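Undergrad: turn this into a structure:
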Amino acid sequence: MNSPLFISKVGIDWGKINDYSYLRNIPAISSIDELEFHSPITLLAGENGMGKSTLLEAMAVAAGFNPEGGTKNYAFSTYDSHSDLCDAMRLIKSYRRTKWGYFLRAESFYNVATMENEYSKVGGVPEHFHEMSHGESFLRIADSQFKDNGLYFLDEPEAALSPQRQLALLRKIYLSVKGGSQFFIVTHSPILLGLPDSEILVFDGEGVHVSSYEETDSYQVTSLFINRREYMLEQLLGDEKE
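TA: This is a model prediction of the structure:
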């Protein structure tokens, strides 16, 4: 895991973003001029609406991936919803060149699965994602797409996975990283946030900051619920139970 990172830094030229852009109203995003990465696994954590997926999507598009997901060979659009952040973004890369890559977006995976079926008609082996459960298709992607020396962007990959399958995904990510790959992952999963050799970047109302695993909300809330379930339920539902 000592190979130079494919992407070591991202810079944003705010002069290329409209003064009235909603991006300027997202504290975590607007705080970024440059953001450095120090690990082959970068985990983006934080509450909903803090800009994690917005940054991940812009990075993936700037790296050459389709906004809706897939490999760099996917070129389609069902709904143009990505921001103009990618046009103002500069990725600082090393001399290394990726051999493969994938952008997985939970929210638009249905569209990718549909296009995969269409693409397979003109060459390649069909994956038949629509014939699998959501979770099975996610793990199938990990099996077929996670290779050595690859660059991967994953947006909430735990969305369709049971805790056991999340552990399986964690192992697949870790083995791919041992083969020289780099991952950027948006996640709320306390399991995936526990990936070894990762750097956790928390997005909040103050900006973006490095966090330990135990300091993340996902860990703290999950730990509290497991260890003090009755107390938490009483706090949440006490008045409703009467």
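Undergrad: contacting residues around the closest residue to H38 other than its chain neighbours?
TA: Spatial nearest neighbour of H38, excluding adjacent residues (CB to CB, 6 or more residues apart in numbering): E199 at 5.5 Å. The C-beta positions use only the backbone N, C-alpha and C, and glycine is treated the same way. E199 makes contact with 37-39, 41-43, 210, according to CB atoms under 8 Å, 6 or more residues apart in numbering.
Undergrad: let me see the residues that make contact with the longest helix anywhere in the chain.
TA: As assigned by DSSP state H, the longest helix anywhere in the chain is helix 163-178. Helix 163-178 has contacts (CB under 8 Å, 6+ apart) with 1, 40-41, 135, 138-139, 142-143, 146-148, 150, 152, 157-158, 161, 183, 185, 189, 191-192, 194-197.
Undergrad: next secondary structure element downstream of it?
TA: Later in the chain than helix 163-178, the nearest helix or strand by DSSP states H and E is strand 182-186.
Undergrad: now do that following strand: which elements does it pack against?
TA: The contact analysis (3 or more CB pairs under 8 Å, 6 or more residues apart in numbering; DSSP states H and E) places strand 182-186 against strand 41-46, helix 52-62, strand 150-155, helix 163-178.
Undergrad: to W14, which of these lies closest?
TA: Proximity to W14, assessed across the helices and strands packed on strand 182-186 by CB to CB, is greatest for helix 52-62 (13.2 Å).
Undergrad: what are the contacting residues of that closest one?
TA: 7, 10, 23, 26, 28-29, 32, 44-46, 67, 82-83, 85-86, 89-91, 103, 105, 153, 155-156, 184, 186, 203.
Undergrad: now the helices and strands packed on strand 182-186 as TSV including distance to K99, mean neighbour count and mean pLDDT?
TA: Formatted as TSV, the helices and strands packed on strand 182-186 follow (distance: least, CB to CB, whole Å; neighbours: other CB atoms under 10 Å; pLDDT from 0 to 100):
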stretch	distance to K99	mean neighbour count	mean pLDDT
strand 41-46	18	24	97
helix 52-62	17	23	94
strand 150-155	6	25	95
helix 163-178	11	17	95
